[in-house]
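Colleague: no FASTA, just this:
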């Protein structure tokens, strides 16, 4: 009979793509992870990883095993949920959201963990597409997205709304189309999506964010407004991200004729039951959002 712990170590290694991150996620040593994979290969009598120094890729057998094992591990996890104690304030909860939501929500979830020390919050930031795929692959327990998922296995429930804001350097008096074209766009992972929503509703000239000269890009939510504050361009961001910027005197938020608010969705794997600790986190998130 195949050892479930070996199988879980192998699947986690495939998901993380790195022995160190796998060991951290499983609270193991790197040598322990390697040993589990070696034992699994010995039991099956075939190579699962093609090793190239510190790098690796999956063999054909490894790809087939990973494809089959995900469903097995999920079924075992659901079985455990159905038969064991399910405390509301103990255990880990993996959450993922776009950065703006995280800036608002993560400090509140840390306060919840401080109140209940046996509750562990694992919070990761990612654009909508990253959140969607992480949920579908069971890499996180719950996620927040600003667009509804297109995947059948991911359920989405609207829980809040957040304003989108046009932000320029503080020296810009007006946000006329010609001014924005001269400034250029500071892009970010959801930049095109946000620009399409807000600028498309307010400027007849707008067709796509690619119209603007691209003056920079950052995937760190706390740094997107840095180049804007230095006069290097403009951007469109959700309100939570703008409110968190530590130098508000260097930027300007422009009130447009047609305000746009995007819906925030709570997302989870459709057929996976939510544990009580997840429901605790969801209730706290709804309270703040």
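Modeller: Nice, I can see it. Note that the coordinates shown come from a computational prediction; the quantities given were computed from them, not determined experimentally.
Colleague: number of nearby residues for residue 205?
Modeller: 10 (other Cβ atoms under 10 Å). Heads up, the C-betas are built off the backbone N, CA and C, glycines and all.
Colleague: Report the contact partners of it.
Modeller: The contact partners of residue 205, taken as Cβ atoms under 8 Å, 6 or more residues apart in numbering, are 177, 211.
Colleague: Equivalent analysis for residue 60, please.
Modeller: Counting by Cβ under 8 Å, 6+ apart, there are no residues that residue 60 touches.
Colleague: Could you check how far it is from residue 135?
Modeller: Distance from residue 60 to residue 135, counting by Cβ to Cβ, to the nearest Å: 28 Å.
Colleague: Could you look up the SS state of residue 5?
Modeller: Assigned by DSSP: H, G, I helix; E, B strand; the rest coil, the conformation of residue 5 is helix.
Colleague: check which helix or strand covers the residue lying closest to it once chain neighbours are set aside.
Modeller: Residue nearest to residue 5 in three dimensions, not counting chain neighbours: residue 36, with 6.6 Å by Cβ to Cβ, 6 or more residues apart in numbering. Assignment of secondary structure by DSSP states H and E places residue 36 within helix 30-44.
Colleague: now do residue 182
Modeller: Counting by DSSP H and E, residue 182 is found in helix 177-183.
Colleague: mean confidence for that helix?
Modeller: Average pLDDT, helix 177-183: 96.
Colleague: same deal with stretch 269-287?
Modeller: 93.
Colleague: Name the next helix or strand following the helix or strand of the chain with the lowest mean pLDDT along the chain.
Modeller: The weakest-scoring helix or strand in the chain, judged by mean pLDDT, DSSP states H and E, is helix 60-83 (a mean of 84). Using DSSP H and E, the next helix or strand after helix 60-83 towards the C-terminus is strand 91-97.
Colleague: And that next one, how far out from the chain middle?
Modeller: 10 Å (Cα atoms, centre = their mean, to the nearest Å).
Colleague: Endpoints of stretch 124-143, how far apart?
Modeller: 9 Å (Cα to Cα, to the nearest Å).
Colleague: Can you give me the buried ones in it?
Modeller: Neighbour counts using 16 or more other Cβ atoms under 10 Å place 124-128, 130-136, 138-143 of stretch 124-143 among the buried residues.
Colleague: What ranges does this protein have for its helices?
Modeller: Taking DSSP state H as the criterion, the chain carries its helices at 4-16, 19-26, 30-44, 60-83, 99-115, 128-136, 177-183, 191-202, 225-229, 239-243, 276-288.
Colleague: Let me have those helices in JSON lines, extended by distance to residue 258.
Modeller: Formatted as JSON lines, these follow (distance: least, Cβ to Cβ, whole Å):
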{"stretch": "helix 4-16", "distance to residue 258": "42"}
{"stretch": "helix 19-26", "distance to residue 258": "44"}
{"stretch": "helix 30-44", "distance to residue 258": "53"}
{"stretch": "helix 60-83", "distance to residue 258": "44"}
{"stretch": "helix 99-115", "distance to residue 258": "20"}
{"stretch": "helix 128-136", "distance to residue 258": "23"}
{"stretch": "helix 177-183", "distance to residue 258": "14"}
{"stretch": "helix 191-202", "distance to residue 258": "5"}
{"stretch": "helix 225-229", "distance to residue 258": "22"}
{"stretch": "helix 239-243", "distance to residue 258": "16"}
{"stretch": "helix 276-288", "distance to residue 258": "27"}
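Colleague: Quick check: which of the ones you listed is nearest to residue 162?
Modeller: helix 239-243 (5.6 Å; Cβ to Cβ).
Colleague: Can you tell me which residue is spatially central in this protein?
Modeller: By Cα atoms, centre = their mean, the chain has its centre lying nearest to residue 126, at 3.1 Å.
Colleague: Could you list the low-pLDDT ranges of the stretch 51-200 of the chain?
Modeller: Scanning the stretch 51-200 of the chain for pLDDT under 70 picks out the ranges 81-84.
Colleague: residue farthest from the centroid of the chain?
Modeller: residue 45 (37.5 Å).
Colleague: how near is that one to residue 39?
Modeller: 12 Å.
Colleague: With residue 275 instead?
Modeller: Counting by Cβ to Cβ - residue 275 and residue 39 are separated by 30 Å.
Colleague: Just give me the neighbour total for the residue nearest to residue 275 when sequence neighbours are not counted.
Modeller: Distance criterion Cβ to Cβ, 6+ apart; nearest residue to residue 275, sequence neighbours excluded, is residue 86 at 5.5 Å. Neighbour count for residue 86, taken as other Cβ under 10 Å: 17.
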